[in-house]
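**Q** My questions concern the predicted model and sequence given below.
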Amino acid sequence: MKEYICPCCGIKKTFDDSEPHQVDESALFCQPCVPLLSTHSIPPTTPVVVLDASEAFDLLSDREKMYAYWMGQASWKGSLICLTQCSPESLAIFTLLLATFSAQPVEELLERARSNGIEQSEIDDILMYSAAFFSNMGNYKSFGDTKFVPVTPKDRFRAFLLCSNLDAAIINKLFDATEIRLYSLQPRHRQLGLGAKQGISTYFSANCEEADADLAGRFLNSIQLSPYNTRLFKHRTVAGSPTKYVVLVASAVTGPAPQANFPFNASYEFEGAVFEIKLGDHANAMRKTVESLRQASAFIANEHQGEMIGHYATSFDVGSIEAHKDGSRAWIRDKGPAVETYIGFIESYRDPSGMRGEFEGFVACVNKEVSKKFQVLVDSAEEFLTFMPWPKEFEKDEFLRPDFTSLEVIAFGSSGVPAGINIPNYDDIRQNEGFKNVSLGNVLKAGYGASGDKPVSFVLPADQVLYKKLMGPAFEVQVGLHELLGHGSGKLFYSSDAELVKTLRNPLTGEAGELSTYAENATWDTSFGKIASNYEECRAECTGIYLCLERSILEVFGHMTAEAQDDIIYINWLLMVRAGVVGLEFYTPSTDSWRQAHMNARYVILRVLLEAGQGLVALERTVDEDGKENVFVHLDRSKILTVGKPAIQAFMLKLQVYKSTGDVANGSKMFAMYSEVPDNMLELREIVMARKEPRKLLVQPNMVLTTPSMVQLKTYDATPQGMINSWVDRFQEDIPEMFAALEGKEEEDRFVNDLI
C-alpha cells in the first residue's frame, strides 16, 4: 500500500500499488477530484486574439510616441504588483515561465521538447496554460477569480521546462518551490476570497477573517488613511497580548511611518488591537514605475500632464493616496489629449472586502472619429439625466462635463482589460470636480464581437442572426451609457447636507425626515464594503438598458430609424438577460459567493426581470439531440416598454436612494435578496457550467525603442506562442530582479501562507 495526500481535497489516502488506475500518480488527483479539471483548467480551444492599435499609433507624432512609450513602461513595470496581489505562488510561477521561455527562442524550445519525447498535446497544454497565466497575471482568472492549473502532469511539465537552455538547477529549484500550489485544488485554493472557508487572498494574511477586515476598515477610516494601496497582515495571537496587525503600504520608500508626505504614525492602538504602519510594499515595482514616469515627463504635451506625473511619482514614491488624488485632478483637467493614460491602484474587484485597489496602468491613442459620437452624448448628458427615475435632488448639483473618448489601447498593464472605464474612483472628486469616461474601441472589437457559424449559447435559433449582427453595436451603446450616465450619475449625501436631507421626502415611502447621510470621512467603498463594486456595476448596467429605450439617445449612436432602434433595444436587453444566465458560472455554491462584480450585477437584473412576470422573460429548459440539457432565453420584445421598463425603473430608484443616503442595511438586504440562487437556478447553473465557453485571451503589442528618440510598435501572432513572445519581450530584462524579489519574500510568505 502507498500513502499520498490528494492536492484537491487535502485528504490523506492509501492505494494499492498494484492498482495504479485508482489514482493518477503523476498529478496526484484522487478520482472524485478529477472532474474539477474541467472547471479549473484552460481549454485548448480558448480563442487567442490580437489587440490591434497599429493604425492609431502610426498617427502619433514622434514626441507623442515617446510619451506613450515611457507611460507604457510605467504601466507594465507597476503591473508586476498584480502577481503579488493574485496569489502567493504567482510571482514564482511567472519567474519560472518567463526565465524558461526567455533562455532561447520559443520555437527552439518546442523543437527540443518534441525531440525529447514530449507529446504535442502536452506542449499545446503547457503553451495555453502559460499564455493564460501571462494574460491574467497570475494563476487565477481575472474575470471570475477561479484558479486554473495545468492539465499536463507534474513530471511531464517539469520535463518540458528542462528542455530549456535555462540552468536545470534553477528550473528544479523553482519548480520544487511551486509545484504543490501550482497544481493544488484543495477547497480553499479553488477561488479568491477572504477567510478559511472562502478562499485565498494576498490582500490579507491567511489567518485573517472578515472580522479582521472590518476592524481594519474602521481603523483606517479613523485615521483617514485610504486602504486603496494597502494590504493587511495579522500576527499570530499570543495569549495575554493584544492582536497585532501590519498595514503594508505600497511605496518605493521602505521602513516604518512617518515619512515625508506620509503623515501617519508608525503604530496605533485601536479597539484593543495594535496596528503597525509599514511602507515599502511592492517597493521595487514602485521604484521602477516612478523612474519611468520621470522619463515620460520629458515628453509631456502640456502643464496638466506634468503636474499629473509629478503627483503620481510622489504617490508611488511615498505611498500617498492624497498625492494620487491630486494627480487625478490634474488628469481630469487634461482634456482631449492625443495619448490618454491613467495609472495607480484603481479597481477594488479583487479585494474580498471591496476596498483595496488592484494596480493598473494603461496607455491609449484617441480615436477621434468615434470620440465625436461620445462627445455628442456628453453635450446632451444633462438632458438625458432628466430621464433617470429619481428626483433631481438625488442628482449631482452640477453635471461636470467629462472627457468621453474612444481609445485604442496600446498597453494595459493589469490582470485584465476592460471594455470601458469611468475614473477616478474617488467619490469626492467624481461628485465635486469631475471624471473621465473611456470606451476601449479595439478591446470591444477584439473581445466582444461574435464570429463564425457556431451558435451563441442560450440564444434561440430564431434570434441567432440578429444577435450576432448587432451584439457589437448594442454593446457599444450599453458601455457608453453604463460609463457616462451610469457611473457618472447620482449624488451622495454627507452629514454636511443634513439640513437639506431633512426637507426631502423618501422617494420610496413618500415620508419626510427619514433619510440618512454618510459621515464626512466615509466613502461609498468603505461604507458598502464587499458588495460596493457589485452594487455599483448593477446600477450602471441598469442605466444602460433603461436609457437605451430613449430614441434620442440611440440617434447619438447612429441608429436613426425606428426599425433599427427597435432591434438595438431588443438585442441590448437580450444581451443583458443572457448575461444573467451566464452569470451563474461565476457563483460558487459551496461558499455562497459571487466571484465577479459585473456577472453578479447581470444576474440580479435577470432576477428583477423574471420577477416582473407577465411573460417578459422566460427560461426554457430543453434537451438537445445529443441528449444534453440546454436552456434558451425568451424575451418578449413587445413587453420591454410596458413591463421591463417599469420594473427596471422601480429597481433603479431603490438602488439610487440607498446609495445616495448611505443606507447600507436596506441596500445590502435588497441586493442580497436578488443575488440569491434558489434551487431552480442551481439546476440551471449545472447546464451553464456544462456549456461554459472560454474567455478570449488578448495579445497586446509592445512599444520598442529603436533609437533613443524613436519608437516602433511590435505586434505578435494570435496564438499562445505569440502571447508568450510578447511577454518575453516585455519583461526579459527584469528576470534578475525577479529572482532577487523571490529571495526576499520569506517574511511575506510566512504571513500569506500562514494556516493555509
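**A** Cool, the structure landed. Quick caveat: nothing in here was measured; it's all calculated off a predicted structure.
**Q** Okay, strands next: where are they in the stretch 151-300 of the chain?
**A** Along the stretch 151-300 of the chain, counting by DSSP state E, counting those that start in this stretch, strands occupy 230-234, 244-250, 255-256, 267-270, 273-281.
**Q** closest one to Lys154 among these?
**A** Nearest to Lys154 among the strands of the stretch 151-300 of the chain is strand 230-234; the distance by C-beta to C-beta comes to 30.4 Å. C-betas here are computed from N, CA, C, even on glycine.
**Q** Packing partners of the closest one?
**A** helix 210-223, strand 244-250, helix 746-752 (3 or more C-beta pairs under 8 Å, 6 or more residues apart in numbering; DSSP states H and E).
**Q** Quick one: low-confidence residue ranges for this structure.
**A** The chain contains residues with pLDDT under 70 at 1-35, 449-451, 744-756.
**Q** most tightly surrounded among the helices and strands packed on strand 230-234?
**A** Of these, the one with the most neighbours on average (mean count of other C-beta atoms under 10 Å) is strand 244-250, at a mean of 23.
**Q** Parallel or antiparallel, list what pairs with that one.
**A** strand 230-234 (antiparallel), strand 273-281 (parallel) (DSSP bridges).
**Q** For the ones you listed, please prepare TSV with the additional fields distance to Asp428 and mean neighbour count.
**A** Shown next, in TSV, are these (distance: least, C-beta to C-beta, whole Å; neighbours: other C-beta atoms under 10 Å):
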stretch	distance to Asp428	mean neighbour count
strand 230-234	19	24
strand 273-281	23	20
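**Q** between those strands, which gets nearest to Ala540?
**A** strand 230-234 (26.1 Å).
**Q** what's the angle between that closest one and helix 210-223?
**A** 130 degrees (axes from the mean of the first three to the mean of the last three C-alpha atoms, to 10 degrees).
**Q** What is the longest helix along the chain packed up against?
**A** Ranked by number of residues, the top helix in the chain under DSSP state H is helix 562-582. Helices and strands touching helix 562-582, by 3+ C-beta pairs under 8 Å, 6+ apart, are helix 464-481, helix 532-547, helix 551-556, helix 597-612, strand 629-635, helix 679-690.
**Q** C-terminal to it, what's the next element?
**A** For helix 562-582, the following helix or strand on the C-terminal side (DSSP states H and E) is strand 587-588.
**Q** now for that following strand, which elements pack on it?
**A** strand 593-594.
**Q** List of residues touching the strand it packs on?
**A** Defining contact as C-beta atoms under 8 Å, 6 or more residues apart in numbering, one finds that strand 593-594 is touched by Gln191, Gly193, Gln198, Asn534, Phe586, Tyr587, Thr588, Asn600, Tyr603, Ser675.
**Q** Correct me if wrong: Met355 contacts Arg231.
**A** No. Between Met355 and Arg231 there is no contact under C-beta atoms under 8 Å: 11.2 Å.
**Q** hmm, back to that, export the strands paired with strand 244-250 as CSV, with columns for distance to Met308.
**A** Shown next, in CSV, are these (distance: least, C-beta to C-beta, whole Å):
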stretch, distance to Met308
strand 230-234, 23
strand 273-281, 23
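**Q** and of these, who's closest to Lys373?
**A** Comparing the strands paired with strand 244-250 under C-beta to C-beta, the one sitting nearest is strand 230-234, at 39.4 Å.
**Q** Report the buried residues of the helix or strand containing Val657.
**A** Here Val657, judged by DSSP H and E, is contained in helix 645-660. For helix 645-660, the neighbour count (16 or more other C-beta atoms under 10 Å) marks 645, 647-649, 651-660 as buried.
**Q** Tell me the first helix or strand C-terminal of that helix.
**A** By DSSP H and E, the next helix or strand past helix 645-660 is helix 664-675.
**Q** roughly how far is that following helix from the heart of the chain?
**A** 23 Å (C-alpha atoms, centre = their mean, to the nearest Å).
**Q** packing partners for that helix?
**A** helix 524-528, helix 532-547, helix 597-612, helix 645-660.
**Q** Arg350 falls within a helix, correct?
**A** No. Counting by DSSP: H, G, I helix; E, B strand; the rest coil, one finds Arg350 to be coil, located in no helix.
**Q** That one is in contact with Ser415, isn't it?
**A** Yes. The pair Arg350 / Ser415 is scored as a contact, 7.4 Å apart, by C-beta under 8 Å.
**Q** who touches both of the two?
**A** Counting by C-beta under 8 Å, 6+ apart, the contacts common to Arg350 and Ser415 are Gln85, Cys86, Ser142, Glu358.
**Q** Who are the contact partners of the second one?
**A** Going back to what we said before, that points to Cys86. Taking C-beta under 8 Å, 6+ apart, one finds Asn136, Met137, Gly138, Asn139, Tyr140, Leu192, Thr202, Arg350, Ser415 in contact with Cys86.
**Q** if we can go back for a sec, and of the contacts of strand 593-594, the nearest to Phe160?
**A** Gln191 (27.4 Å).
**Q** Tell me the spacing between that closest one and Trp594.
**A** Going from Gln191 to Trp594 by C-beta to C-beta, to the nearest Å gives 11 Å.
**Q** Name the residues contacting each of these two.
**A** Joint contacts of Gln191 and Trp594 (C-beta under 8 Å, 6+ apart) are Thr588.
**Q** ok, Leu742 to Tyr570 distance?
**A** Distance from Leu742 to Tyr570, by C-beta to C-beta: 53 Å.
**Q** ignore the last one, Leu466
**A** Taking C-beta to C-beta, one finds Leu466 at 8 Å from Tyr570.
**Q** what do you get for Val582?
**A** 18 Å.
**Q** ditto for Asp525
**A** 35 Å.
**Q** These two - which one has more neighbours?
**A** Asp525 (25 against 20; other C-beta atoms under 10 Å).
**Q** so the more buried one touches Gly357, yeah?
**A** No. Taking contacts as C-beta under 8 Å, Asp525 lies outside contact range of Gly357: 9.3 Å.
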